[in-house]
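Peer 1: Sequence plus the predicted model coming up.
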Amino acid sequence: MANTHDYIIDNATGSVVRADLNTLFLEINASNAGDSAPTNTVVAGKLWHDTTTDTLKYYTGTQWVSVARATKGSANITDITGTIDPVASTTVTGVGTKFTQEAKIGDKLVVTGETRTITGITSDTVCTVDSAFSDNANDTTPEIHPACYVVTDDSNGVDLIIDTDGKVGISTPTPTAQVDVRGSAGTGTGTAGVLRLSTAELTVADGDQLGRIEFVAPLEASGTDANLVGASIYAEADDTFASDNNATEIVFATGASETATEKLRITSSGLVLEKNACIRSSTNRAMVFGY
């Protein structure tokens, strides 16, 4: 579809005005979908669905910027404009490239067969990547492998990303696990990534669980017991919570031919209790019997 409507309805006969309106509404209804950017009445905030790269873009007043793509993976791999002659640096300089229009932070950039993650975009011809490219031959057809979803902060740092491999990164543009949570820079507790499990319960009582981690093989072909929860770790209240009490125990559960059941417990006072066994406490001073 050609995105050429000027968004002006001229005085004319009824049928001409109607045809003009229909053309205008068709472009708006399709988010100005087409393989080329709208050419008329391009104002800040206007949307354009780039059908070549399957990318939704908005106009800043000076240029088109990518917002999101419908899907990730090979369906959206695309040769980008311009050429790149890589050097041994995390700073990538292109010739005739359009990084601000054709890429976003979190996308994978492929140059001369090497793949790197874009961590910053300075201009159409300069971007940064997570690790240096090798000093290889000039690439006249560099590629972009779009990330599925990216949320950035005011400084273009990545708050959340679902990358081309389906990995989720929180505060990291390059997740190395299915879920990768990176803490902030600093000292002490400020350096740690935190995964918090919480409960919506308003009146926590003895035996209530605050959070649970489960381990299971739901696709195991054997079925039945093979698909049950094989192990779990959970936090359990050891008393009714109050302004002066949050007594909590950690429970370790494992299964043999059943859904995992409790086998070991660490009490709120630090004692280790093994189900139906006798074990020394963590201080090695007293015998603690199983329960």
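Peer 2: Perfect, thanks for sending it.
Peer 1: For the residue lying closest to residue 157 once chain neighbours are set aside, give me the pLDDT.
Peer 2: Taking C-beta to C-beta, 6 or more residues apart in numbering as the measure, residue 157 lies nearest to residue 171, with 7.6 Å between them; neighbours along the chain are not counted. C-beta: built from backbone N, CA, C; applies to glycine. Each residue has a pLDDT score; the one for residue 171 is 92.
Peer 1: now do residue 201
Peer 2: With respect to pLDDT, residue 201 has a value of 97.
Peer 1: Equivalent analysis for the one 5 residues further on, please.
Peer 2: According to the model's per-residue confidence, residue 206 sits at a pLDDT of 97.
Peer 1: wait, isn't it in contact with residue 242?
Peer 2: No. Contact between residue 206 and residue 242 fails when scored by C-beta atoms under 8 Å: they sit 11.7 Å apart.
Peer 1: Could you count how many residues lie near the nearest residue to residue 87 once chain neighbours are set aside?
Peer 2: By the measure of C-beta to C-beta, 6+ apart, the closest residue to residue 87 outside its immediate chain neighbours is residue 135, 5.3 Å from it. Residue 135 is surrounded by 11 other residues when neighbours are defined as other C-beta atoms under 10 Å.
Peer 1: Helix, strand or coil: sort out residue 135 for me.
Peer 2: When the structure is split into helix, strand and coil by DSSP: H, G, I helix; E, B strand; the rest coil, residue 135 lands in coil.
Peer 1: give me every residue that touches it.
Peer 2: 86-88 (C-beta atoms under 8 Å, 6 or more residues apart in numbering).
Peer 1: ok, now how distant is residue 46 from residue 22?
Peer 2: To residue 22, residue 46 is 19 Å away according to C-beta to C-beta, to the nearest Å.
Peer 1: Comparing the two, which shows the higher neighbour count?
Peer 2: A side-by-side neighbour count of residue 46 and residue 22, using other C-beta under 10 Å, places residue 46 first with 20 against 10.
Peer 1: what's near enough to touch the more buried one?
Peer 2: Residue 46 makes contacts with 32, 38, 58-59, as judged by C-beta under 8 Å, 6+ apart.
Peer 1: Closest to residue 127 out of those residues?
Peer 2: Comparing those against residue 127 with C-beta to C-beta picks out residue 58 as the nearest, at 19.8 Å.
Peer 1: Run a quick neighbour tally on that closest one.
Peer 2: 15.
Peer 1: isn't it right next to residue 43, touching?
Peer 2: No. Under the criterion of C-beta under 8 Å, residue 58 is not in contact with residue 43, lying 10.7 Å apart.
Peer 1: which regions of the stretch 1-150 of the chain sit below the pLDDT cut-off?
Peer 2: 1-7, 26-31, 40-42, 53-54, 67-77 (pLDDT under 70).
Peer 1: could you pull out the strands for it?
Peer 2: Using DSSP state E, counting those that start in this stretch, the strands found in the stretch 1-150 of the chain span residues 47-50, 55-59, 64-69, 78-79, 83-84, 91-95, 108-111, 114-121, 126-129, 143-145, 149-152.
Peer 1: right, so those strands: which one is the most enclosed?
Peer 2: Per residue and on average, the most neighbours among the strands of the stretch 1-150 of the chain fall to strand 108-111, with a mean of 22 (mean count of other C-beta atoms under 10 Å).
Peer 1: list the helices and strands it packs on?
Peer 2: With contacts taken as 3 or more C-beta pairs under 8 Å, 6 or more residues apart in numbering; DSSP states H and E, strand 108-111 sits against strand 114-121, strand 143-145.
Peer 1: of those strands, which approaches residue 264 most closely?
Peer 2: When the helices and strands packed on strand 108-111 are ranked by proximity to residue 264 (C-beta to C-beta), strand 114-121 comes first, at 40.6 Å.
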